[in-house]
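Chemist: No letters, just coordinates:
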């Protein structure tokens, strides 16, 4: 396979997607929320399974109530079995007794000595939830590729379904690297925690590895161990001198695909495949790591889960113009004040506080060299 | 306290909010994402803690490199200590050795026999991340009430902070009721699972109780047990005949506040306080339960977490007119097709499939009796 250097974001995504193999798994209902169905769901039951009372009251034969009114009540016997001039007490949701075809509201009755006065006439089916009125046997409930929400899970449970086939939530191995974190306790490795929070939010199941130093053998061992995951991420070690470490390991134990992406920040991002598993090399600088994660890791997780990407976007007027390098997709951090986007001075991809002070970011596309003030831009959020 | 019957949604929310007491808790960073800070964060460290190399290369005294170029390199001794005409190998992120004030990129050097040729001059500070350039000692990092996102957590970790004070995630007790679920295995209780998924999504920590039948003593015991939670929800038993069960228990062991809300579906919603804890009685019909949960439980969780409410809203054109009862806030389920909202026939609040077929809902406000076709409406999503 030809190795690509400094590819455009769109090409990088295309190369990544060509190397993804979504897989399918049976999961319990509780774990299926947010997942995409890999099977069609056809009901093999009726909901309700039988005619049910829709209210608290008395189940009766409707014809026995005809003519009942406030001035001329009908007197019935309270009974456990339905029948002529018999009234069976029922609660909301209970099965309608055989022989009854309607329910008189408890508010429209007066009880005395085992009898009940009915003050209102009902027609057949009144206050009754008919068998199958919610779902009928044979009905298609969800098509393949439906993304399951909370009420969908409730309906599946109502159907008596306990497990469903869904696109598997990918397990994400997060391997932080950097000799400096091992040497100096004042320098803390923070990217792996950030990445694990984001991966979980996007639907993945993250696991953080111990920090790997500048040691090829150690890095190789960590990556080989991480083959059991669905996505392998390695943070850091993608910049100049050390990029070669991860790249060399990839050449030895896998297939390198591209190194370098025309984006800013986030240029030192690389990608390859190790025994069928995608390996994403992310920059160690925290802002670059964040933007490369949003640009690639989020897309990988959503693609493996077969879900359309979700983005929170608001439109805003750009307060001051921003510049960018032509050919690079540029991510500019902004603060939002009402409907105005205020670009933040970006001191470089190492300055995490430039993100924490921002509400979101705007994208300057590759074909532009900036955006003029007062233009309407789309502000995206970091999560 | 005066008991209110069938209050408007806004009044219900006001009465609920008067009875909420947010509490504050120290949590580990990993558990703080999505939480609101209850303390101001002021840094007591610099980030970086010292001047660091921003690139892989050699740390030097900048003045020694003046005049260096491709045609006229400067030769330096490779050393572990900085000094006159000495070059110390450094990796990205490592501490700059004392005496050095700049870094020459490894790409601009050639090494041989313990010496290095420098092909490019650097000025002081070049390729160096200055102490405190990201965060300075004494700087305010986050104000009180900031909602913590993934990069914020990473920055807190970089500051050496392991725990933060946040508004506590409420623990939510979910008590389903209904004799019918105990009597008949074909009728499945599904509201508690739906509610627990939503409560977790909104930031709460849900726990589902076993189904309580039509037994006042059993219901009272479950509620008294649930006092240890921050929010008590009881599902079902709020409709006509059985409403009195929950209401009576509330009268005996707590303070009833209102019963009935002018909303459709969701009317049989009630609220009270048990030993300082809010008790929300939700309708047993699944659609009513869902809409009352979104209208009240979500607001309670966000208020206790001191977070602004989040809603996904898209604008759409209404395909056909919808009608509603004046004085009631009405929730109409719709499908979205591009920018058109198609109202679904609503067969009542018991028909869960009317929700699962919908993409979201529109709200018809109390002062209207419907919305005309072709009007632009706001479609909200169920999660």
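Modeler: Thanks, I have the structure now. Here the structure is a predicted model, which means the values were calculated and not measured. Residues are numbered from 1 along each chain as shown, chains lettered A, B, ... in the order given.
Chemist: the bottom helix or strand of chain A by mean pLDDT?
Modeler: helix A:240-253 (a mean of 79; mean pLDDT, DSSP states H and E).
Chemist: so what secondary structure elements neighbour it?
Modeler: With contacts taken as 3 or more CB pairs under 8 Å, 6 or more residues apart in numbering or on different chains; DSSP states H and E, helix A:240-253 sits against helix A:216-225, strand A:255-261, strand A:270-274, strand A:277-282. The C-beta positions use only the backbone N, C-alpha and C, and glycine is treated the same way.
Chemist: And the contacts of that helix?
Modeler: Helix A:240-253 has contacts (CB atoms under 8 Å, 6 or more residues apart in numbering or on different chains) with A:177, A:214, A:216, A:219-220, A:223-224, A:234, A:236-238, A:256, A:259, A:268, A:270, A:272, A:274-275, A:279, A:281, B:55-57, B:91-92, B:105-107.
Chemist: now it against helix A:216-225, angle please.
Modeler: Relative orientation of helix A:240-253 and helix A:216-225, computed by axes from the mean of the first three to the mean of the last three CA atoms, to 10 degrees: 50 degrees.
Chemist: Distance from the chain centre to helix A:240-253, please.
Modeler: Offset of helix A:240-253 from its chain centre (CA atoms, centre = their mean, to the nearest Å): 33 Å.
Chemist: Equivalent analysis for stretch A:158-176, please.
Modeler: 11 Å.
Chemist: does residue A:103 belong to a helix or a strand, and which?
Modeler: Element membership for residue A:103, per DSSP states H and E: strand A:102-105.
Chemist: Can you give me the buried ones in the next helix or strand after that strand?
Modeler: With elements assigned by DSSP H and E, the helix or strand that comes after strand A:102-105 is strand A:109-112. Neighbour counts over strand A:109-112 (16 or more other CB atoms under 10 Å in any protein chain shown) mark residue A:109 as buried.
Chemist: chain center to strand A:109-112: distance?
Modeler: Its chain's C-alpha centre and that of strand A:109-112 lie 53 Å apart, by CA atoms, centre = their mean.
Chemist: continuing past that strand, what's the next helix or strand?
Modeler: The first helix or strand that comes after strand A:109-112 along the chain, using DSSP H and E, is strand A:115-118.
Chemist: List the contacts of the residue nearest the centre of chain A.
Modeler: For chain A, the residue nearest the mean C-alpha position is residue A:34 (4.1 Å; CA atoms, centre = their mean). Applying CB under 8 Å, 6+ apart to residue A:34 gives the contacts A:147, A:148, A:203.
Chemist: which one among these gets closest to residue A:114?
Modeler: residue A:148 (50.0 Å; CB to CB).
Chemist: Tell me how many other residues surround the closest one.
Modeler: Counted with other CB atoms under 10 Å in any protein chain shown, the neighbours of residue A:148 add up to 22.
Chemist: buried ones in stretch A:320-332?
Modeler: So for stretch A:320-332, counting by 16+ other CB under 10 Å, buried means A:322, A:324, A:328, A:329, A:330, A:331, A:332.
Chemist: Okay, domains of chain A per the record?
Modeler: Domain assignment for chain A, taken from automatic domain parsing, gives A:4-23+A:168-304, A:25-47+A:135-167, A:52-129, A:313-380.
Chemist: Pick the most deeply packed of those.
Modeler: Stretch with highest mean neighbour count among the domains of chain A: domain A:4-23+A:168-304 (a mean of 21; mean count of other CB atoms under 10 Å in any protein chain shown).
Chemist: those helices in chain A, which residues are they?
Modeler: All helices of chain A, identified by DSSP state H, fall at A:9-17, A:150-158, A:179-183, A:191-201, A:216-225, A:240-253, A:286-292, A:298-304, A:353-356.
Chemist: possible to save those as JSON lines with distance to residue B:182?
Modeler: Listed next are the helices of chain A as JSON lines, based on distance: least, CB to CB, whole Å:
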{"stretch": "helix A:9-17", "distance to residue B:182": "50"}
{"stretch": "helix A:150-158", "distance to residue B:182": "16"}
{"stretch": "helix A:179-183", "distance to residue B:182": "57"}
{"stretch": "helix A:191-201", "distance to residue B:182": "37"}
{"stretch": "helix A:216-225", "distance to residue B:182": "50"}
{"stretch": "helix A:240-253", "distance to residue B:182": "58"}
{"stretch": "helix A:286-292", "distance to residue B:182": "51"}
{"stretch": "helix A:298-304", "distance to residue B:182": "41"}
{"stretch": "helix A:353-356", "distance to residue B:182": "52"}
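Chemist: averaging pLDDT over each of the ones you listed, which comes out lowest?
Modeler: For those, mean pLDDT drops lowest on helix A:240-253, to a mean of 79.
Chemist: Read off the pLDDT value for the closest residue to residue A:156 other than its chain neighbours.
Modeler: Excluding the flanking residues, the one nearest residue A:156 by CB to CB, 6 or more residues apart in numbering or on different chains is residue A:29, at 5.8 Å. pLDDT, residue A:29: 96.
Chemist: Likewise for the one 10 residues further on?
Modeler: Here, the pLDDT recorded for residue A:39 equals 98.
Chemist: Give the rounded mean pLDDT of stretch A:49-57.
Modeler: 90.
Chemist: and the end-to-end length of that stretch?
Modeler: From its first residue to its last, stretch A:49-57 covers 20 Å (CA to CA, to the nearest Å).
Chemist: Need the residues that contact that stretch.
Modeler: The contact list for stretch A:49-57 (CB under 8 Å, 6+ apart) reads A:59, A:89-96, A:103-109, A:127-131, B:180, B:186-187, B:239-242, B:348, B:350.
Chemist: Over to stretch A:131-144?
Modeler: So stretch A:131-144 is contacted by A:37-51, A:148, A:152, A:155-156, A:158-159, B:347, B:350-353, B:356 (CB under 8 Å, 6+ apart).
Chemist: Closest one to residue B:375 out of the contacts of residue A:34, please.
Modeler: Taking CB to CB as the measure, residue A:147 is the one of the contacts of residue A:34 closest to residue B:375, at 28.5 Å.
Chemist: need the contact list for that closest one.
Modeler: For residue A:147, the contacting residues are A:34, A:35, A:36, A:37, A:307, A:308, by CB under 8 Å, 6+ apart.
Chemist: Which ones among those residues lie within strands?
Modeler: Of the contacts of residue A:147, none are assigned to strands by DSSP state E.
Chemist: could those go into CSV alongside distance to residue B:264?
Modeler: Below are the contacts of residue A:147 laid out as CSV (distance: CB to CB, whole Å):
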residue, distance to residue B:264
A:34, 29
A:35, 32
A:36, 33
A:37, 31
A:307, 33
A:308, 32
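Chemist: and of those residues, the nearest to residue B:375?
Modeler: For these, the nearest to residue B:375 is residue A:308 (27.5 Å; CB to CB).
Chemist: Which pLDDT does the model give the closest one?
Modeler: Looking at residue A:308, the pLDDT reads 94.
Chemist: how far away is the closest residue in space to it that isn't next to it in sequence from chain B?
Modeler: Distances taken as CB to CB, 6+ apart put residue A:302 closest to residue A:308, at 7.3 Å, once the chain neighbours are dropped. Applying CB to the nearest CB, to the nearest Å, one obtains 16 Å for the distance of residue A:302 from chain B.
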